[in-house]
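Student: Next input, structure requested:
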Amino acid sequence: MEEEAEIRLCEPAPFIYFENGQIAVTDGSSVWLVIVTCEAMKATASPPEKSLRRLVRYAGFYRDVAAAQIRRGEDVDGKVWVRERDVLAAKGSSNLGGKYRPHVPEQLC
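Tutor: Model prediction:
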């Protein structure tokens with residue numbers, strides 16, 4: 001059985017483009033653009049806000065949500081959308097009592 005490659009953050013650094021946040025992730029051979037909707041950022045934590053600071057702080061969380069979608073084959077043309085429903089589902093299934101605690105920001109590859 002082949003071991004799945006770890007999905008990690010990579011360049012470019014997270015940024016906001018129009019209403020959505022964007023981060024890049026890689027497994028070492030492919031790169032995906034993760035588009036985090038405004039509503040998803042607002043649903044991540046209280047108070048609801050859409051900001052670069054929140055995008056960067058929770059980049060690891062969004063990476064994990066995107067990685068699950070990639071493994072399920074839900075990426076389209078190198079893009080993965082993280083929507084509000086994805087954030088709410090991930091928070092609800094978390095073993096942290098529905099709360100995500102951000103880790104120390106990981107280094108970009």
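
Student: Quick one: list the elements packing against whatever helix or strand Pro14 lives in.
Tutor: In this structure, Pro14 is located in strand 8-17 according to DSSP states H and E. Packing contacts for strand 8-17, counted by 3 or more C-beta pairs under 8 Å, 6 or more residues apart in numbering; DSSP states H and E, involve strand 20-26, helix 52-57, helix 59-71. Bear in mind the C-beta positions are built from the backbone N, C-alpha and C, glycine included.

Student: Figure out how far the helix or strand of the chain with the lowest mean pLDDT is from the centre of its chain.
Tutor: Least confident helix or strand, the chain: helix 84-93 with a mean of 91, by mean pLDDT, DSSP states H and E. Mean-position distance between helix 84-93 and its chain equals 12 Å (C-alpha atoms, centre = their mean, to the nearest Å).

Student: Dump it to PDB, restricted to CA.
Tutor: Provided in PDB are the C-alpha atoms of helix 84-93 (Å, rounded to 0.1, in the frame of the first residue of the first chain):
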ATOM      1  CA  GLU A  84     -18.000  27.900   5.000                       C
ATOM      2  CA  ARG A  85     -19.700  24.400   5.100                       C
ATOM      3  CA  ASP A  86     -16.200  22.800   4.900                       C
ATOM      4  CA  VAL A  87     -15.000  24.800   7.800                       C
ATOM      5  CA  LEU A  88     -18.100  24.100   9.900                       C
ATOM      6  CA  ALA A  89     -17.800  20.300   9.100                       C
ATOM      7  CA  ALA A  90     -14.100  20.300  10.000                       C
ATOM      8  CA  LYS A  91     -14.600  22.200  13.300                       C
ATOM      9  CA  GLY A  92     -17.500  19.900  14.200                       C
ATOM     10  CA  SER A  93     -15.600  16.700  13.600                       C
END
